[in-house]
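In: below are the sequence and a predicted model; questions follow.
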Amino acid sequence: MTASPSLGPMYERFRQRHPDVRIVLLPDPRSGGSTPASTPPAPVTDELALADDVEHALTHASELLTEVRHALGVVGAVVERWRSGTLRGTVRAVASCDGRAPSLDADDVVRILVSQGWLAGVVRRAPVQVVSARREDGELEIVLSDGDAHLVLEGRVLAVDARTRVALVNPQGVRRG
């Protein structure tokens, strides 16, 4: 096990007072992950490695959302897709689910997600309930309205070349404009 990096005096003092609490510092969401916002990750050049990364990222997002869906009792199918990342030359795995959850409210969602290791909170209570959550391997938004639930999980960010990005984000080659 490696030693934890220095967290600064405030966090060190907290750790001394509360050794039973695990401190997790999340990356800036605008950076698309743990990479600084000013420098996108380097694209994977090995085609086999890239294919593995692409498959793993999408599968992981789908499996993670399936776990959340089951924990919340939402009935519905998970749909996988890719979207362009916020940084140039990146894509992000996305899994979503529209389903029924008649007895679920935002406070229940937060409680369940926190028990699964998510940092979660209610973003809005009216006219619909919105919960936002994140952890190391994904960002999650859940919208609850009249017994319906809409879940969207954004998974890992991958750096790819332009041709791969187009193939992932727009596999049918739809031209816009």
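Out: Happy to help now that I have it.
In: rest of the way, CA atoms for contacts and neighbours
Out: Noted.
In: for the biggest helix by length in the chain, packing partners?
Out: Counting residues, the longest helix found in the chain (DSSP state H) is helix 47-72. If contacts are counted by 3 or more CA pairs under 8 Å, 6 or more residues apart in numbering; DSSP states H and E, helix 47-72 sits against strand 78-84, strand 90-100, helix 106-115, strand 148-159.
In: Serialize the ones you listed to a markdown table and add fields for mean neighbour count and distance to Gly138.
Out: As requested, the helices and strands packed on helix 47-72 are exported to a markdown table (neighbours: other CA atoms under 10 Å; distance: least, CA to CA, whole Å):
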| stretch | mean neighbour count | distance to Gly138 |
| --- | --- | --- |
| strand 78-84 | 17 | 14 |
| strand 90-100 | 23 | 9 |
| helix 106-115 | 17 | 12 |
| strand 148-159 | 23 | 4 |
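In: CSV for those, including distance to His56?
Out: Putting the helices and strands packed on helix 47-72 into CSV (distance: least, CA to CA, whole Å) gives the following:
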stretch, distance to His56
strand 78-84, 12
strand 90-100, 10
helix 106-115, 23
strand 148-159, 9
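In: closest one to Asp20 among those?
Out: Evaluated with CA to CA, the helices and strands packed on helix 47-72 place helix 106-115 nearest to Asp20, the distance being 15.7 Å.
In: shaky segments in this protein?
Out: Low-confidence segments of the chain (pLDDT under 70): 1-15, 18, 21-52, 173-177.
In: and the longest helix of the chain with strand 78-84, angle?
Out: 130 degrees (axes from the mean of the first three to the mean of the last three CA atoms, to 10 degrees).
In: Leu151 is in contact with Ser96, correct?
Out: Yes. Using CA atoms under 8 Å, Ser96 is in contact with Leu151, at 5.4 Å.
In: quick check: bridge partners of the nearest residue to Asp53 once chain neighbours are set aside?
Out: Closest residue in space to Asp53, ignoring its immediate chain neighbours: Leu158 at 7.8 Å, by CA to CA, 6 or more residues apart in numbering. For Leu158, the beta-bridge partners are Val91 (DSSP bridges).
In: give me the contact list for the helix or strand containing Val143.
Out: Using DSSP states H and E, Val143 maps to strand 138-145. By CA atoms under 8 Å, 6 or more residues apart in numbering, the residues outside strand 138-145 that reach it are 61, 104-106, 128-134, 149-156.
In: apply 6 Å and report the result again.
Out: Residues outside strand 138-145 that contact it (CA atoms under 6 Å, 6 or more residues apart in numbering): 128-134, 149-155.
In: quick revisit: and the longest helix of the chain, what's buried?
Out: Neighbour-count burial for helix 47-72, counted by 16 or more other CA atoms under 10 Å, picks out 50, 54, 57-62, 64-66, 68-69, 72.
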